[in-house]
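1. Sharing a model that was predicted from the sequence below.
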Amino acid sequence: MTIFNASALRQAMASARLGHFEPARLVQQTLSRHGLSADASAEVPYAPRTAGSGLGDIFGSSLRSSQSRSGSARSETRSRSDVPASAALARHTFSCSAGSRDFQLFVPASAKGAPTALIVMLHGCTQTPEDFAAGTAMNALAEAHGFIVAYPAQSRGANQQTCWNWFSRGDQKRDRGEPAIIAGLTLQICEAHSIPATRTFVAGLSAGGAMAVIMGEAYPELYSGVGVHSGLPYGAARDVSSAFSAMGGKPLPSAMQQQARPPRTIVFHGSSDSTVHPLNGDMVAHNAEPSGPSAQLQRIENGTFAGRSFEKRITLGANGQSSVEHWIIDGLGHAWSGGNPAGSYTDPSGPDASTAMVRFFLAL
């Protein structure tokens, strides 16, 4: 998975200095190949959900099935190995003044009528919702526990490598850009399926993990839990150059600030991740730790699972429930721990990150 490739940019700059190419054109080509042509998005209004208010009034949004060229609705329900015949998997499009995105919505047979929760899954660079669903095997867990899963799809128009634009200042704050779109579709699904915010969660891998952190920071009243796999802390970068530094383990000083109202957070990161330095996982976990009277002592567990050793750092909240879990997987690279090889950027060895996140979110 390529959030961006620092060595490629350094090589491009070196070639430019030697006079082999035009610097501006070469750098633009290099950035373009790695999906770093990001535009800041316009600010859009957001209002808290109130009794009797529809999400169309809040976002001017629409939730619709994909349309054929003739304009008639067509079903996107598919026959796949990870979708039981009685479950529903459909593609929808969410639109608001900040933009629009397609997303896959998986409603398991066990969730018909009374879903237990919603988990919004944000894929990494070059991935698709289908790929991410296969690699995380989250649909099987949804069927087992009765929750709905939404898989928003980044568009190539917004990022050529389908990375969520976590490094763009226009996509890092509440009521703007991609966070506004993701929050909007989350609210729309919650209303359609009567899911409370206390049972709404967001998780992601790599660029998707970084965007999940942004969602938890920007909308703490909407997401009661955040899952971050191989991601970066909030405020780690504000442009392309600082993004390279952050991925290498040198985020901006603003990334050191603890969140004022951190949602419960579970972090997975490989000790051998050469794409996103493990220090980023440390900072995500640190920033999510409660402060003041709610802070509790941390305990550390060590173990081995499916061929990999791990360290799990657990911070308890005042109510005795885990507020932060930080898993450090020995020898894991930039891949979903315990993932299904049917999807990209997965490693079947090690603890199952999907199972751990579901347990953490649902307090199983």
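-> That came in fine, so what should we check first?
2. Please count neighbours and contacts with C-alpha atoms only from this point.
-> Fine.
3. where along the protein do the helices fall?
-> 6-17, 23-33, 55-59, 129-136, 138-145, 177-193, 207-218, 240-247, 279-288, 353-362 (DSSP state H).
4. what's near enough to touch residue 264?
-> Contacts for residue 264 (CA atoms under 8 Å, 6 or more residues apart in numbering) come out as 224-226, 288, 322-324.
5. Please list only the buried members of the residues you listed.
-> 224-226, 288, 322-324 (16 or more other CA atoms under 10 Å).
6. quick one: least confident of the residues you listed?
-> Within the set of the buried ones among the contacts of residue 264, pLDDT is lowest for residue 322 (90).
7. Low-confidence regions, the stretch 251-364 of the chain specifically.
-> The model of the stretch 251-364 of the chain has pLDDT under 70 over residues 258-259, 292-295.
8. Tell me where it has strands.
-> Here the stretch 251-364 of the chain has its strands, by DSSP state E, counting those that start in this stretch, at 264-270, 298-305, 308-316, 322-329, 336-337, 346-347.
9. need the contact list for residue 250.
-> Shown in contact with residue 250 (CA under 8 Å, 6+ apart): no residues.
10. now do residue 190
-> 118, 196-197, 200.
11. if we can go back for a sec, show me the one of the helices of the chain that comes nearest residue 300.
-> Residue 300 lies closest, by CA to CA, to one member of the helices of the chain: helix 279-288, at 13.5 Å.
12. returning to that earlier point: as CSV, the strands of the stretch 251-364 of the chain with distance to residue 249 would be great.
-> Converted to CSV, these look like this (distance: least, CA to CA, whole Å):
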stretch, distance to residue 249
strand 264-270, 13
strand 298-305, 23
strand 308-316, 20
strand 322-329, 16
strand 336-337, 20
strand 346-347, 22
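13. Among the ones you listed, which comes closest to residue 141?
-> Across these, residue 141 has its closest neighbour in strand 336-337 (15.4 Å, CA to CA).
14. ok, residues contacting that closest one?
-> Contact with strand 336-337 is made by 135-136, 205, 229, 268, 329, 345-353, as judged by CA under 8 Å, 6+ apart.
15. Show me which of those is closest to residue 125.
-> Residue 125 has its nearest neighbour among the contacts of strand 336-337 in residue 205, at 8.7 Å by CA to CA.
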